[in-house]
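Asks: Give me the fold of what follows.
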Amino acid sequence: MKTLRTICLLLMLMMAPAWAFAAMPDISAGSTRLDFGTGCYILEGNVRVADRGRIMTADEAKVQLGSQKVWANGNVTLVQDGITFSCDSLFVKGQEKSADVRGNVNFNQEKVISIKADAAHFQWDTKLADFYGNVLVKAEGQEEQSYSHVQYNVPEQRIILTEAGDVAIPEIDMSMTPEAAGIIPLLP
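Replies: Sure, this is the predicted structure:
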């Protein structure tokens, strides 16, 4: 069985176009393995994924290269262009250019603003970040303010929406299962 998997992997590698490898992220961890059934890299301990100027670190993660999805749990940080997100769990949808973060969310834009929340959603295309639940905003030189929802425009470095009162945190299935991500097993 191991020989069959090796042959299948070699055939896939030989048939893959060169551009597919050029776009692959740099991935490292204490232990790594490939789940052939789902096409997911399983990463445990000192996880680091670097891709197109973004660096993600965590205690554990799964990376599905075909769908460009990344799930991470435990001491998660996502850094890019002077921006740092840290949280308990992260779900990146590379093709949609978005990230959802949950639990102890901290967002910092160097020398501009610090935002803490229960959850957040970031869209790379629009550069808008939405923060939900117990949102605390501390802008440079101002007092900390509390909201239930804040939308922040990263390139313009300004808050464009604030809401107080009851605002629901959007439902997102961030479980680290292939089924939750809509991944079809590669092998039966």
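Asks: Quick check: phi and psi at residue 97.
Replies: phi 50, psi 50 (degrees, to the nearest 10).
Asks: Would you check that it makes contact with residue 126?
Replies: No: using CB atoms under 8 Å, residue 97 is not in contact with residue 126, being 9.0 Å away. Backbone N, C-alpha and C define where each C-beta goes, glycine included.
Asks: which residues are common contacts for the two?
Replies: Applying CB atoms under 8 Å, 6 or more residues apart in numbering, one finds that no residue jointly contacts residue 97 and residue 126.
Asks: On the strand side of things, show who the closest residue to residue 53 other than its chain neighbours bridges to.
Replies: Among residues not flanking residue 53 along the chain, residue 80 sits closest, at 5.6 Å (CB to CB, 6 or more residues apart in numbering). Residues in a beta bridge with residue 80, per DSSP bridges, are residue 83.
Asks: With residue 99 as the reference, measure out to residue 80.
Replies: Shown here: residue 80 relative to residue 99, a distance of 10 Å by CB to CB, to the nearest Å.
Asks: The two: which is more packed in?
Replies: residue 99 (24 against 17; other CB atoms under 10 Å).
Asks: Please, where are all the strands along the chain?
Replies: 26-28, 31-35, 40-51, 54-64, 69-80, 83-93, 98-109, 113-123, 128-139, 145-153, 158-163 (DSSP state E).
Asks: Using CSV, please lay out those together with mean pLDDT.
Replies: Formatted as CSV, those follow (pLDDT from 0 to 100):
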stretch, mean pLDDT
strand 26-28, 85
strand 31-35, 91
strand 40-51, 90
strand 54-64, 90
strand 69-80, 90
strand 83-93, 91
strand 98-109, 93
strand 113-123, 94
strand 128-139, 93
strand 145-153, 92
strand 158-163, 85
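Asks: Residue 48: neighbour count?
Replies: Residue 48: 16 surrounding residues under other CB under 10 Å.
Asks: what's the answer for residue 111, then?
Replies: Around residue 111 there are 8 residues (other CB under 10 Å).
Asks: Let me see the confidence value for it.
Replies: Looking at residue 111, its pLDDT stands at 82.
Asks: quick one, what contacts it?
Replies: Going by CB under 8 Å, 6+ apart, residue 111 touches residue 140.
Asks: picking that back up, could you double-check that the residue nearest to residue 53 lies in contact with residue 50?
Replies: No: Residue 80 is beyond contact range of residue 50, at 10.2 Å (criterion: CB under 8 Å).
Asks: Please name the residues that touch the residue nearest to residue 53.
Replies: Here residue 80 is in contact with 53, 54, 55 (CB under 8 Å, 6+ apart).
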